[in-house]
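> Here is the input, now give the coordinates:
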Amino acid sequence: MTKNSNKAREKLADSLMTMQASLFVNLTSIVLIAPIGFFGVALYKGERLDLTRMLSEQSQPALGAIALAYLAIFFLGMLARHAAMKIYNELSPDT
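Here you go, the predicted structure:
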């Protein structure tokens, strides 16, 4: 990576920080909006809210896959932040 100019490395670090911020905003939006959608659909259809059906045996693998995908994206965001901070520290270390 040292063969690239300092400006190119700084741009890469900026891109990594932008990517991780976008990932975190999107993950937060999913966590906040998904329950609203669940309740909205149930109210629109006139059905009773039945959380036991949502947590039944058939849906547990799906919920596990969703949780795994969520954690993988969160981990990717943290890796991007760590890589960006490493580049920033190499470009201008504290003196």
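> make it CA atoms for all contacts and neighbour counts henceforth
Will do.
> If you count neighbours, what's buried in stretch 8-26?
9, 10, 12, 13, 14, 16, 17, 19, 20, 21, 23 (16 or more other C-alpha atoms under 10 Å).
> now swap in stretch 65-78 and tell me
73, 74, 77, 78.
> For that stretch, what is the distance to the chain centroid?
Distance of stretch 65-78 from the chain centroid (C-alpha atoms, centre = their mean, to the nearest Å) equals 6 Å.
> what's the answer for stretch 15-27, then?
7 Å.
> Does anything pack onto the helix of greatest length in the chain? Which helices or strands?
Longest helix of the chain, by residue count under DSSP state H: helix 6-45. Helices and strands touching helix 6-45, by 3 or more C-alpha pairs under 8 Å, 6 or more residues apart in numbering; DSSP states H and E, are helix 60-91.
> Quick one: list the elements packing against the helix it packs on.
Going by 3+ C-alpha pairs under 8 Å, 6+ apart, helix 60-91 lies up against helix 6-45.
> Of the buried residues of stretch 65-78, which is the nearest to residue 28?
residue 74 (10.3 Å; C-alpha to C-alpha).
> rewinding a little: any idea of the angle the longest helix of the chain forms with helix 60-91?
Counting by axes from the mean of the first three to the mean of the last three C-alpha atoms, to 10 degrees, helix 6-45 lies at 160 degrees to helix 60-91.
> centre of the chain versus helix 6-45, how much separation?
Centre to centre, stretch against its chain (C-alpha atoms, centre = their mean), the figure for helix 6-45 is 6 Å.
> I'd like to know the average pLDDT value across it.
Helix 6-45 shows a mean pLDDT of 88.
> Stretch 88-95 too?
pLDDT averaged over stretch 88-95 gives 84.
> Restricting to C-alpha, output it in PDB.
The C-alpha coordinates for stretch 88-95 follow below in PDB (Å, rounded to 0.1, in the frame of the first residue of the first chain):
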ATOM      1  CA  TYR A  88      -5.100   7.800   9.000                       C
ATOM      2  CA  ASN A  89      -2.600   6.900  11.700                       C
ATOM      3  CA  GLU A  90       0.100   6.000   9.200                       C
ATOM      4  CA  LEU A  91      -0.400   9.300   7.300                       C
ATOM      5  CA  SER A  92      -0.300  11.600  10.300                       C
ATOM      6  CA  PRO A  93       1.000  10.000  13.500                       C
ATOM      7  CA  ASP A  94       0.700  11.900  16.700                       C
ATOM      8  CA  THR A  95       4.000  13.600  17.600                       C
END
